[in-house]
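1. starting from these lines, generate the structure:
(chains A and B)
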Amino acid sequence: MKGRQRFSGARWWAVVLKEFTQLKRDRLTFAMIMGIPIMQMTLFGFAINTIPRHLDTGVISADDSDVTRDFMEAMQNSSYFKIVERLPNEEAGREALAQGQLLFVVNIPAGFTRQVLRRERPSILIEADATDPTTTGSALAAVDGITQTVIQRELTGPLASLQGGPAPFAVSVHPLYNPDEITQYNVVPGLMGMVLTLTMVMMTGLAVTRERERGTMENLLAMPSTPLEVMTGKLVPYIGIGLLQASIILLAARYVFFVPFFGNVLAVYLSTLLFIAANLTVGITFSSLARNQLQAVQLAIFYFLPNIILSGFMFPFKGMPGWAQAIGNLLPLTYFNRLVRGILLKGNGWADSWPSVWPMMVFTVVVMCVAVATYRRTLD
Amino acid sequence: MTAAAQFDYAIDVEGLNKHFDGKHVVKDVSLRVRKGEIFGFLGPNGSGKTTTIRMMCGLLKPDSGTGTCLGHDIRRESAEIKRSVGYMTQRFSFWEDLTIAENMEFVARIYQLRDRKATVRKSLADLGLTARAHQLAGELSGGWKQRMALAACMLHAPQLLLLDEPTAGVDPRARRDFWDELQALAAKGISVLVSTHYMDEAVRCHKLAYISSGTLLAQGTAQEIIEGQHLNTWAIHGDHLAELQEELRKRDNVAQTVTFGDVLHVSGTNDELLEREIEAAVGRSGRRVERIETSLEDVFIYLMGRSETNSGGNA
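-> You can find the predicted model right below:
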């Protein structure tokens, strides 16, 4: 046909080659193209476990007998519980739960075995940290089965008469902090950290690269303004934006999802400020690494992925294997999630919050040093 | 260096060197710009002009070399230099998403000017920008952008202006207006160092320097630079000059040939031999041949060609 050119294989090949050459030159993009599938596969394939097992459990036992030992063994055998600690009293149990060190505390009352034999039907109490119902749900569902196993195995011989009829002992479960096990209670505060991570890192990354890409950075540096003034001055608006985002989510949590606020809202804002600071340092570092705005966005997304997956926001933190938890423990979002959930749902105070506060501080200081080191003072 | 010398020169740098990734970009550059002088900085693209200017205004630290800019040490006092110098970048480097007035306000704040509002208003009026004050800088044409950039650089009343190719991409009329402006500033005692590619701008400078591949090849007034190269130039008038040019190029004593429309300029250092070769080449073709004064343009093309041969052409 006239006026229309035929498809040329040679021209097509020229375009293909050019594209590859450019791709090869853009190392960062290339690394990400290779890195993202590897990272995603590792995370989704190995780290994510929606039925978390081997959850840290503490025991307060005032009665040591075959029955109680077997009960604990059956808990371990169920693979949902992992008994890691013996606790002296209930206060210690509550504290460990508040700080998130333990997810369950099993309380066996004094004289339990004797009461079983006397057919007094005593109770074992399991207190659970139910802020994240996904984590604890399956384990708690297994409790009935465990109880049955123990009854069948232990109450034999002369005690067989205890089987059948009403159960010789009961296990009562107290889901603490989120007694109705409503998932929104957990997700909504967690969403705050996720939104802040994405916007703070991306916006600051863009803000600084934009100046460089448009050539206005040279002007800023040629004027008497110092790099520190430029850097910190550019960050202030984003702190405001971050607090605004946090407020929107908090308002929605309170009045749309009716998430109970047990803790101090001011404490939530202070935590948010610290978390914003942590993310801004990441943003600045990225803006120094990225050569243009597109790369800044790519880096932000690259950072965002492990954050949502490994921080315990999307999937139960305790359900991940050790190495994944170790990576998660390096991310500020992990601590922010715990901190905000702790304050809002558990009413945690300063002492219970501290274990989540200091790692964020360390992160901020360390990344700030990296940011200052990579920030290009001059134009070379 | 005596105190008097410091007072005389707005820029006085000696032996500046700069490397980027192992490439020697600026080699032993020494420059002196007197107060109230317009100093033209010429050279091909990538010859080290921008790098030299950045070293003089405190944006880059030289690897070696010393010097002062308005009496401030370029190595140690970059903060003072930044406060007292006006630097206009090669590319328009103001904020296109701010209006002219907002850009000026920002600059005024950064320089911590007193009477900020009044200063900005006056500066806008002086450059005829008042009517456009609330237009976004990004919407301006090349000529207006450059006017705005100059106004912004002048806001803090600097005694020295460093202008990096300020008229690139600006139409001839706007260029002429711009140079009238520069000359008015120089008359008020402000020193100007300006890099350019345009010959008509070069001849309006009091002093010139020519840099190529990082090396300063010539420095002085236009006259001094022309005389310094000891070139003799002949003009050949006529048509179909291309063949003649081709032939002359092969001759040993012809240093360069340049066509300006229907005139061919032929230059060489040995006048006697050059004349003989031109006669031989022109022969009986009847073309008019005359001796002319070597122009600045001839000299610059000569310098450019010579440095290319010396450096293997990677200018």
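2. what values do phi and psi take at B:Asp164?
-> phi -100, psi 100 (degrees, to the nearest 10).
3. thought it was touching B:Gln90?
-> Yes. Using C-beta atoms under 8 Å, B:Asp164 is in contact with B:Gln90, at 4.2 Å. (Each C-beta comes from the backbone N, C-alpha and C, glycine too.)
4. show me the common contact partners of these two, please.
-> Common contacts of B:Asp164 and B:Gln90 (C-beta atoms under 8 Å, 6 or more residues apart in numbering or on different chains): B:Thr50.
5. compare these two (neighbour count), which wins?
-> Taking other C-beta atoms under 10 Å in any protein chain shown, B:Asp164 and B:Gln90 do not tie; B:Asp164 has more neighbours (23 against 16).
6. identify the residue spatially nearest to the residue of chain A found nearest chain B, adjacent ones excluded.
-> For chain A and chain B, the shortest gap (C-beta to the nearest C-beta) falls at A:Asn219, measuring 3.8 Å. Excluding the flanking residues, the one nearest A:Asn219 by C-beta to C-beta, 6 or more residues apart in numbering or on different chains is B:Ser93, at 3.8 Å.
7. mind listing what that neighbour touches?
-> Counting by C-beta under 8 Å, 6+ apart, B:Ser93 has contacts A:214-216, A:218-219, B:149.
8. list the residues that contact the residue of chain A closest to chain B.
-> Here A:Asn219 is in contact with B:89, B:93-94 (C-beta under 8 Å, 6+ apart).
9. the stretch 151-300 of chain A: strands as residue ranges?
-> A:170-176 (DSSP state E, counting those that start in this stretch).
10. what's the helix or strand for the residue most central in space within chain B?
-> Residue closest to the average C-alpha location in chain B (C-alpha atoms, centre = their mean): B:Ser195, at 2.4 Å. Secondary structure assigned from DSSP states H and E places B:Ser195 in strand B:191-196.
11. ok, then the element right after that strand?
-> helix B:199-202.
12. per-residue pLDDT of residue 226, please?
-> Reading this off chain A. A:Thr226 is assigned 75 on the pLDDT scale.
13. I was after chain B.
-> 89.
14. with A:Ala98 instead?
-> We have a pLDDT of 82 for A:Ala98.
15. what lines up beside the strand holding B:Ser195 in the sheet?
-> Strand pairing for strand B:191-196, determined by DSSP bridges: strand B:38-42 (parallel), strand B:160-164 (parallel).
16. avg pLDDT for it?
-> Here strand B:191-196 scores 93 as its mean pLDDT.
17. try stretch B:275-291
-> For stretch B:275-291, the per-residue pLDDT averages 81.
18. and for stretch B:161-177?
-> So the average pLDDT for stretch B:161-177 ends up being 88.
19. where does the closest residue in space to B:Leu241 that isn't next to it in sequence sit: helix, strand or coil?
-> Nearest non-adjacent residue to B:Leu241, counting by C-beta to C-beta, 6+ apart: B:Leu264, 4.6 Å away. Assigned with DSSP: H, G, I helix; E, B strand; the rest coil, B:Leu264 falls in the strand class.
20. report the beta-bridge partner residues of B:Leu264.
-> Here B:Leu264, judged by DSSP bridges, has bridge partners B:Ile236, B:Thr259.
21. pretty sure it is touching B:Gln245, no?
-> Yes. Counting by C-beta under 8 Å, a contact exists between B:Leu264 and B:Gln245, whose distance comes to 5.8 Å.
22. for the residue nearest to A:Phe262 when sequence neighbours are not counted, give me phi and psi.
-> Distances taken as C-beta to C-beta, 6+ apart place A:Gly347 nearest to A:Phe262, at 3.4 Å, with adjacent residues excluded. Backbone geometry at A:Gly347, expressed as degrees, to the nearest 10, gives phi 70, psi 30.
23. measure A:Gly347 to A:Ala141 for me?
-> Relative to A:Ala141, A:Gly347 is positioned 27 Å away (C-beta to C-beta, to the nearest Å).
24. of those two, who's got more company?
-> When A:Gly347 and A:Ala141 are compared for neighbours, A:Gly347 comes out ahead with 16 against 11, by other C-beta under 10 Å.
25. that one against A:Val265, yeah?
-> No. With contact defined as C-beta under 8 Å, A:Gly347 does not reach A:Val265; the gap is 11.5 Å.
26. so B:His156 sits in a strand?
-> No. Applying three-state DSSP, one finds B:His156 to be coil, outside a strand.
27. could you count how many residues lie near the closest residue to it other than its chain neighbours?
-> Spatially, and ignoring its direct neighbours in sequence, B:His156 is nearest to B:Tyr111 (4.1 Å; C-beta to C-beta, 6+ apart). Residues near B:Tyr111, counting by other C-beta under 10 Å, number 21.
28. need the pLDDT of B:Tyr111.
-> Here, the pLDDT recorded for B:Tyr111 equals 88.
29. what does A:Gln245 give?
-> A:Gln245 is given a pLDDT of 84.
30. I'd say A:Ile83 and A:Gly58 touch.
-> Yes. Between A:Ile83 and A:Gly58 there is a contact under C-beta under 8 Å: 7.4 Å.
31. the closest residue to A:Val187 other than its chain neighbours: what's it in contact with?
-> Nearest in space to A:Val187, with sequence neighbours left out and distances taken as C-beta to C-beta, 6+ apart, is A:Phe313 at 8.0 Å. Contacts of A:Phe313 were listed using C-beta under 8 Å, 6+ apart, and they are A:187, A:190-191, A:193-194, A:307, A:333, A:337.
32. one more: B:Leu140?
-> By C-beta under 8 Å, 6+ apart, B:Leu140 lies in contact with B:100, B:132, B:148.
33. so which strand or helix has the last one?
-> When you say that, I think you mean B:Met148. In this assignment (DSSP H and E), B:Met148 forms part of helix B:142-154.
34. could I get that helix in PDB with only the CA atoms?
-> C-alpha atoms of helix B:142-154 as PDB (Å, rounded to 0.1, in the frame of the first residue of the first chain):
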ATOM      1  CA  GLY B 142      14.300  32.900  26.600                       C
ATOM      2  CA  GLY B 143      15.000  36.700  26.500                       C
ATOM      3  CA  TRP B 144      12.700  37.400  29.500                       C
ATOM      4  CA  LYS B 145      14.000  34.500  31.500                       C
ATOM      5  CA  GLN B 146      17.500  35.800  31.100                       C
ATOM      6  CA  ARG B 147      16.400  39.300  32.100                       C
ATOM      7  CA  MET B 148      14.800  37.900  35.200                       C
ATOM      8  CA  ALA B 149      18.000  35.800  36.000                       C
ATOM      9  CA  LEU B 150      20.100  38.900  35.700                       C
ATOM     10  CA  ALA B 151      17.700  40.900  37.900                       C
ATOM     11  CA  ALA B 152      17.900  38.100  40.500                       C
ATOM     12  CA  CYS B 153      21.700  38.000  40.400                       C
ATOM     13  CA  MET B 154      21.900  41.800  40.800                       C
END
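35. domain ranges for the chain?
-> All of this is about chain A. Domain segmentation of chain A under automatic domain parsing yields A:55-176, A:183-374.
36. I was thinking of chain B, sorry if that wasn't clear
-> Taken from automatic domain parsing, chain B resolves into B:3-225, B:231-293.
37. lowest average confidence across the ones you listed, which one?
-> Going by mean pLDDT, the lowest-scoring of the domains of chain B is domain B:231-293, which has a mean of 84.
38. tell me how far that domain is from the chain's mean position?
-> 29 Å (C-alpha atoms, centre = their mean, to the nearest Å).
39. and the contacts of B:Leu140 as TSV, adding neighbour count and distance to chain A?
-> Shown next, in TSV, are these (neighbours: other C-beta atoms under 10 Å in any protein chain shown; distance: C-beta to the nearest C-beta, whole Å):
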residue	neighbour count	distance to chain A
B:Ile100	28	15
B:Arg132	19	20
B:Met148	24	12
